[in-house]
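Peer 1: Just need the structure, nothing else, for what follows:
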Amino acid sequence: MNLIDTHAHLTYPELEGRIEDVLARSRSAGVTGWITIGTDPEHIRKALALAERFENMWVGVGCHPHHANEITDADIVFLEQAAQNPRVVAIGETGLDYHYDNAVADTQKRLFRAHLDIAAKYNKPVIIHTRQAFDDSIAILAEYAGKLKKVVIHCYGGDAVQTKLVLDRGYYISFTGTVTFKKSDALREVAKMIPLDRLMIETDCPFISPEPVRRIQPNEPALLIHTAKLLASLHNLDLDAFAEKVTETSKMFFSI
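Peer 2: As a prediction, this is how the structure comes out:
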């Protein structure tokens, strides 16, 4: 089994300092590929350096909406330069987050559009972060209809109506350990709606450890196996068959 953790933060201090052990446990669990996400210029640089060290590691480059107030024009220039690195397989995560009051909506929207401009220019898929901002996120993505290579909404938590819209637009959906949580019955019903050629899985580590290991902190790629097992059961597949299909989707989406 060769799963890909399509969204990890391996440069965060909880994991970076023991990265060899983290990746060794990951490989032993059958998670043998990783896309590590840079969420600001510092972590983009660290992610690119990490991907140079380890086989089967790639990078998504973006500035998280939480940092929108801090991002300068020079940072956007750096982001565009980073997008051209051969280890970079996606732009993002990028999007809108209205759950926290870290940046005003208009500033987040400008930053979001700057990312989408870069993705369109360099024909890179986009990783979307949206939290309590679904309608605005979808509206901005609609401005780029026909211009973006592919779109995935990561750490998905949409309802059935939102999910139908996402699928109708041709976007992809990626689940974290939230789909395993005891109170996530509605999300599990949504997960059944997603065709396996549009579904990916991720840890979003070091956050969101899945059940039944939710108390283990930090989360790490090896624990992706629990999310995979849950989703396999929802799709009435054994784990190996599910892993093969979802890995094929991930490779196709990121062109790896």
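
Peer 1: contacts for stretch 132-152?
Peer 2: Residues outside stretch 132-152 that contact it (Cβ atoms under 8 Å, 6 or more residues apart in numbering): 6, 95-99, 105, 109, 112-113, 116, 119-120, 123-128, 130, 158, 162, 165-166, 169-174, 200, 253. To be clear about C-beta, it is placed using only N, CA and C from the backbone, and glycine gets the same treatment.

Peer 1: what comes up buried for that stretch?
Peer 2: A133, F134, D136, S137, I138, I140, L141, L148, K150, V151, V152 (16 or more other Cβ atoms under 10 Å).

Peer 1: How far does it sit from its chain's centre?
Peer 2: Centre-to-centre, stretch 132-152 and its host chain are 15 Å apart (Cα atoms, centre = their mean, to the nearest Å).

Peer 1: that older thread, strands - which of the contacts of stretch 132-152 land there?
Peer 2: Taking DSSP state E as the definition of strands, those contribute T6, G95, L96, D97, V126, I127, I128, T130, Y172, I173, S174, M200.

Peer 1: In TSV: the buried residues of stretch 132-152, plus secondary structure.
Peer 2: Formatted as TSV, these follow (DSSP: H, G, I helix; E, B strand; the rest coil):
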residue	secondary structure
A133	coil
F134	helix
D136	helix
S137	helix
I138	helix
I140	helix
L141	helix
L148	coil
K150	coil
V151	strand
V152	strand
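
Peer 1: quick one: which of those residues is nearest G38?
Peer 2: V152 (16.4 Å; Cβ to Cβ).

Peer 1: Count the residues that sit near the closest residue to the closest one other than its chain neighbours.
Peer 2: When the adjacent residues along the chain are set aside, V152 lies closest to Y172, with 4.0 Å between them (Cβ to Cβ, 6 or more residues apart in numbering). Neighbour count of Y172, defined by other Cβ atoms under 10 Å: 26.

Peer 1: Ok, the one 4 residues further on next?
Peer 2: Residue neighbour count, defined by other Cβ under 10 Å, stands at 24 for T176.

Peer 1: any idea how far T107 is from it?
Peer 2: The gap separating T176 from T107 is 26 Å, by Cβ to Cβ, to the nearest Å.

Peer 1: re earlier: show me what contacts the residue nearest to V152?
Peer 2: K150, V151, V152, I153, R198, L199, M200, T249, F253.

Peer 1: gap between it and D40?
Peer 2: For Y172, the distance to D40 - Cβ to Cβ - is 24 Å.

Peer 1: quick one: secondary structure of T36?
Peer 2: Relying on three-state DSSP, one would call T36 strand.

Peer 1: how about the closest residue to it other than its chain neighbours, secondary structure?
Peer 2: Closest residue in space to T36, ignoring its immediate chain neighbours: L10 at 4.2 Å, by Cβ to Cβ, 6+ apart. Classification of L10 using three-state DSSP returns coil.

Peer 1: Right, I'll call it a day here.
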